[in-house]
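Asker: Provided below are the primary sequence and the corresponding predicted coordinates.
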Amino acid sequence: MNSSDQGRAQDPSAAPSGSWADRAEDGSGEWQIGHSLVGQFLARSPIGMAVMDTDLRYVWINDALERLGGVAREERLGRRLSEVLPRLDAAAIESVMQEVLETGRPAVDVEYHGRTSADPDREHAYSTSFFRLADDSGVVRGVCYMVLDVTDRWRARERLSLLSRAGAWTARTLDVFRLAEGLAEVCVPDLADLITVDLLDSVLQGESPDRALTGGQRLRRVAVRSADGGAPEGIAVVGRPVQFPPGSPGARCLASGAPHREAVSGPGCEGWIAADALLGPAAPDLGPCALLLVPVRTHGRVVGMTTLLRRAPREPFDEDDLLVADEIVGRAALGVENARQYTKERNTALALQRFLLPRRIAAQSTVEVATRYLPSGGGVGGDWFDVIPLSGARVALVIGDVVGHGINAAASMGRLRTAVRTLADLDLPPEEILAHLDDLMLGLIAEESPEERGQAPSELGATCLYAVYDPVARTCVMARAGHPPPAVVGPDRSVYLPDLPPGPPLGLGGLPFESAEIELPEGSLLALYTDGLFEVRGQDPDVGLERLRAALANPDRPVEDMCGEVQNTLEVEGRDDDVALLIARIHGLGTDRVASWDIASDPAAVSGARAVAGRCLEAWDLGDMVFTTELLVSELVTNAIRYASGPIRLRLIRASVLTCEVYDASSVSPRLQHARTLDEGGRGLFLVAQLSRRWGTRYTAEGKVIWVEQEIL
């Protein structure tokens, strides 16, 4: 363009330099549209049009473009776009025009955003198409572009994107805090510069709101997000209680249950801002801004509020923003309600499980025990453990895992643990106990109705490991039903997994269980665990076992510390299953705490049995227990001589209790009889029951053992 042409006034009806001749044949001749008519069409078109020369300077614009940009025609001609509308991304647009000039390839529907002089307070979106212009001789003259304001389309697309992302977050988690964080992430910065999410404490605890909010209740801040990565002090404290003063927009929103917009500036705002415990101190940092307050409603009740804020120079919220925010928060509210119901069920199941799990592990002189239970993010499961004192100073260590999560799994776990306790009192071998548990699980499955099962297999099932430690023999007999083997740490600090017969999970039926015996020297460690220890999304199962090995590598530490170390390694994301862990340090009983004698099967040997027992107690400094123990020994030995056969052996064990055992070769169990007043016999076992802490019978391969326990005085 010549310098003499710059600033020249443009005839609005004039077409750009060059010539267009449009012809059409209708069978009767030709017709032409002259320059004047084409010029009028281009100038009056509702689509913004402009012609740029090869230096990308304006040489012609139509009326629509003048209105669209808010810049007069005279101020555009001879100037570049970057000079006329600096608040647009002019460099990017001019880059597109330059490419069109060089290549001749049109650029169609190029979208860009910005503010113009026509509406400086509001961001607009424009769709522009660029075409190269050449004269009849093929000489490139410049670029023509056509532009449409597509702000409504752009905003509708952005709203749909926001709603889609909000829906995705709602379906992604059942944790209220993470759900609120997701809501904040969706809204900032696309919809707001700052957002806070506040909910009732009862919702966070899984409880239903007992009454409607009136604006005066205290909420708790569960999420904050700011576009610039920070928020004024006081607003940003997640977890702190929040209360909106009477008359404030927050109080009105909670009371009405309807969203509304508010300006944090101008007349009438000073009072409630100053009274607001959080917004008041932060107001100087925020500057002029606009608020959008949206209640969180579930089942028609307000359970919280979301506050969105925009700072100047960003345009205030409009009615469309309010509708979008209300829809987004409404979708999040569905997630909040689902999360509340999940939290309620999870808390109920967790409370049930904690009630069913041992509240306190009774102290044992032969084992030091520490336990942990870690519920997963996927819900409370059926993992459990137990430590059961047995006769002869032995201890049963049990761990199991019921299939599934929730209340049903916790209830099934309680039934299984109760059954294990009952069977343990019978002093059965581990493999027999698992066989009885398998029968129990099959019975529970049979009790399910066809409607409960449907066409799918039953979801009932469990795994279990049952181990019995004998501190006198310093051995441990174990059997497992589909459960991982324990980790054993020897005195040399070596960690290994014993080779145990696997056994099927409980509830399959038809397959036998087998036990194995291992030796446990003094100071050995046993670690029993469930499979949640190594089942983590995206992680090799061996990683969990290696963490357990690392925690057990220093066995001299207290077992509580080792349990705590394993717990810390397990508190990671992605764990879908809960974890039960039991670590036990083993202590044996030496010859100074165990004494045994062979007794002749002769009534005359009873007095000798009483005598050796008495001398043993004196040596153990238990003289106060001699008289009672001699009575018990006399009754048990006499009973064995009278009703049993074969060799008889007497054994005394001093552990946390004093145990007296009499071995014989008979498999007939004694019965406690209720003798009448004038009966001469039948009072022996009744006397034993009265004088002892507890008593019972267990069977061996050679016969049986009648045992009696007394509290050590």
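Answerer: In hand now; what should we look at? Numbers count the residues shown, from 1 in each chain.

Asker: what residues are up against the nearest residue to residue 188 once chain neighbours are set aside?
Answerer: Distances taken as C-beta to C-beta, 6 or more residues apart in numbering place residue 225 nearest to residue 188, at 4.5 Å, with adjacent residues excluded. Using the backbone N, CA and C atoms, a C-beta is placed for each residue, glycine as well. Neighbouring residues of residue 225 by C-beta atoms under 8 Å, 6 or more residues apart in numbering: 181, 184, 185, 187, 188, 194, 195, 231.

Asker: With respect to residue 325, which of these is nearest?
Answerer: Among the contacts of residue 225, residue 187 lies closest to residue 325 (C-beta to C-beta), at 7.3 Å.

Asker: The closest one and residue 321 touch, don't they?
Answerer: No. Applying C-beta atoms under 8 Å, one finds residue 187 not in contact with residue 321, separated by 10.4 Å.

Asker: the more surrounded of the two?
Answerer: Each of residue 187 and residue 321 has its neighbours counted (other C-beta atoms under 10 Å); residue 187 has more, 28 against 20.

Asker: Just the buried subset of the contacts of residue 225, written out for PyMOL, thanks.
Answerer: Selection of the buried residues among the contacts of residue 225 in PyMOL, burial being defined by 16 or more other C-beta atoms under 10 Å:
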select buried, resi 181+184+187+188+194+195+231
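
Asker: Let's see which of the contacts of residue 225 end up in strands.
Answerer: The strands, defined by DSSP state E, take in 194, 195 from these.

Asker: what's the single longest helix in the chain?
Answerer: When the chain is scanned for its longest helix (criterion: DSSP state H), the result is helix 319-356.

Asker: so what's residue 495 up against?
Answerer: Residue 495 neighbours (C-beta under 8 Å, 6+ apart): 487, 488, 489, 549, 552, 553.

Asker: Give the bridge partners for it, please.
Answerer: Going by DSSP bridges, residue 495 is paired in beta bridges with residue 489.

Asker: Pull up the gap between it and residue 334, please.
Answerer: 49 Å (C-beta to C-beta, to the nearest Å).

Asker: Could you give the bridge partners of the spatially closest residue to residue 263 that is not a sequence neighbour?
Answerer: Nearest residue to residue 263, sequence neighbours excluded (C-beta to C-beta, 6+ apart): residue 290, at 5.5 Å. Beta-bridge partners for residue 290, by DSSP bridges, are residue 263, residue 310.

Asker: Poorly predicted segments of the stretch 601-713 of the chain, please.
Answerer: Within the stretch 601-713 of the chain, the ranges that satisfy pLDDT under 70 run 671-683.

Asker: what ranges do the helices span in it?
Answerer: Applying DSSP state H, counting those that start in this stretch to the stretch 601-713 of the chain gives helices spanning 605-619, 626-643, 684-691.

Asker: Most tightly packed of these?
Answerer: helix 626-643 (a mean of 19; mean count of other C-beta atoms under 10 Å).

Asker: Now do that helix: which elements does it pack against?
Answerer: On a contact count with 3 or more C-beta pairs under 8 Å, 6 or more residues apart in numbering; DSSP states H and E, helix 626-643 meets helix 605-619, strand 648-654, strand 657-664, helix 684-691, strand 704-711.

Asker: Tell me which of those lies nearest to residue 635.
Answerer: helix 684-691 (4.5 Å).

Asker: Just the angle for the closest one relative to strand 657-664, thanks.
Answerer: With axes from the mean of the first three to the mean of the last three C-alpha atoms, to 10 degrees applied, the angle from helix 684-691 to strand 657-664 works out at 170 degrees.

Asker: Would you mind putting the CA coordinates of helix 684-691 into PDB?
Answerer: Taking C-alpha atoms only, helix 684-691 is exported to PDB below (Å, rounded to 0.1, in the frame of the first residue of the first chain):
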ATOM      1  CA  GLY A 684     -13.900 -86.000  92.200                       C
ATOM      2  CA  LEU A 685     -14.300 -83.900  89.100                       C
ATOM      3  CA  PHE A 686     -16.700 -81.600  90.800                       C
ATOM      4  CA  LEU A 687     -14.000 -80.900  93.400                       C
ATOM      5  CA  VAL A 688     -11.500 -80.400  90.500                       C
ATOM      6  CA  ALA A 689     -13.800 -77.800  88.900                       C
ATOM      7  CA  GLN A 690     -14.300 -76.000  92.100                       C
ATOM      8  CA  LEU A 691     -10.600 -75.700  93.000                       C
END
